[in-house]
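> can you look at this prediction? I've put the sequence above it.
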Amino acid sequence: MDYPNIPQQTKGEFNDVVNMFCANSEKEAFDAYQILENRLTAVNDWHELSDKVKTSFSLFSANGTKNTSDLDNGNHIRIDIPGIGNPSGSGYDWTEITEVQTSSANAKDPFFLITIKPCPAPDSKNDSVAHFYTDDSTNTFIVRKLGNCIYAEVHGRNEMENTSDVPIKDSVRNKAVAIGGKFGLGSINWVGFTAALLEPFKKN
């Protein structure tokens, strides 16, 4: 049996957000899972999932020069958080896709996984990480089916404020965003995000 590969927690903080919906039958759950996987993989549409998702996400090629819909290792996700933008990222936070994992085609309980980590802006002339967390941190997004239930998950690992090896403007801004997230004030609301992924099924 395949299992999702979630990075190991070794330092800093972590979070695990899980939201679920249980169907009336395994077939209904499998049909719902296929829709759920499509919703997760449509990164460019994440901000349209719900009013709860205040942040805009855009998927870019590895060199950051064009929009894409391809979830490939090395491609980038540009994050537009409301409020003060990241100076080193031209107003954006940037992450790189480090892993895309899927269960075997005939799996009884399928899953799909994307792991991202902070990185410099693709067009940057320096190597400053353009994100409020350091590049040690990761976020892993998982959708999966288990029995009659489907799950939407976000797992954060090794989360540390990106305030040391960056310009002073970045440091001040990154600390403010990171602290806001710790106290539930962050614009990237993963509880709202996972709920939004499952919203169509809970309305039925």
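Ah, there it is. Numbers count the residues shown, from 1 in each chain.
> I'd like the next helix or strand past the helix-or-strand element of the chain with minimal mean pLDDT.
For the chain, using mean pLDDT, DSSP states H and E, the weakest element among its helices and strands is helix 168-182, scoring a mean of 72. Using DSSP states H and E, the helix or strand that follows helix 168-182 in sequence is helix 190-202.
> what's that following helix in contact with?
Identification of contacts with helix 190-202 by Cβ atoms under 8 Å, 6 or more residues apart in numbering yields 15, 17-21, 23, 32, 35-36, 39-40, 46, 49-50, 52-53, 143, 150, 152-154, 156. To be clear about C-beta, it is placed using only N, CA and C from the backbone, and glycine gets the same treatment.
> ok, stretch 53-67 next?
Contacts for stretch 53-67 (Cβ under 8 Å, 6+ apart): 43-44, 46-47, 68-72, 74-82, 94, 121-123, 187-189, 192-193, 196.
> and the average pLDDT for it is what?
Average pLDDT, stretch 53-67: 88.
> are any of the contacts of helix 190-202 buried, and which?
Buried subset of the contacts of helix 190-202 (neighbour count, 16 or more other Cβ atoms under 10 Å): 17, 19, 21, 23, 32, 36, 39-40, 46, 49, 53, 143, 150, 152-154, 156.
> which of the residues you listed fall in strands?
Members of the buried ones among the contacts of helix 190-202 lying in strands (criterion: DSSP state E): 17, 19, 21, 143, 150, 152-154, 156.
> ok, of the residues you listed, which one's closest to residue 128?
If you rank these by distance to residue 128 using Cβ to Cβ, residue 156 comes first, at 21.3 Å.
> secondary structure class for the residue nearest to that closest one when sequence neighbours are not counted?
Among residues not flanking residue 156 along the chain, residue 15 sits closest, at 4.3 Å (Cβ to Cβ, 6 or more residues apart in numbering). Taking DSSP: H, G, I helix; E, B strand; the rest coil as the rule, one finds residue 15 in the strand state.
> who are the contact partners of residue 15?
154-156, 159, 190.
> is it possible to export those to JSON lines including distance to residue 167?
Below are the contacts of residue 15 laid out as JSON lines (distance: Cβ to Cβ, whole Å):
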{"residue": "154", "distance to residue 167": "29"}
{"residue": "155", "distance to residue 167": "30"}
{"residue": "156", "distance to residue 167": "25"}
{"residue": "159", "distance to residue 167": "21"}
{"residue": "190", "distance to residue 167": "28"}
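> next, format those residues as a markdown table and append distance to residue 135 and pLDDT.
Formatted as a markdown table, these follow (distance: Cβ to Cβ, whole Å; pLDDT from 0 to 100):
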| residue | distance to residue 135 | pLDDT |
| --- | --- | --- |
| 154 | 18 | 95 |
| 155 | 17 | 95 |
| 156 | 14 | 93 |
| 159 | 11 | 92 |
| 190 | 19 | 89 |
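> for stretch 165-175, what is the distance to the chain centroid?
On the basis of Cα atoms, centre = their mean, to the nearest Å, stretch 165-175 sits 22 Å off its chain's mean C-alpha point.
> buried sites along it?
Counting neighbours by 16+ other Cβ under 10 Å, stretch 165-175 gives 166, 170-171, 173-174 as buried.
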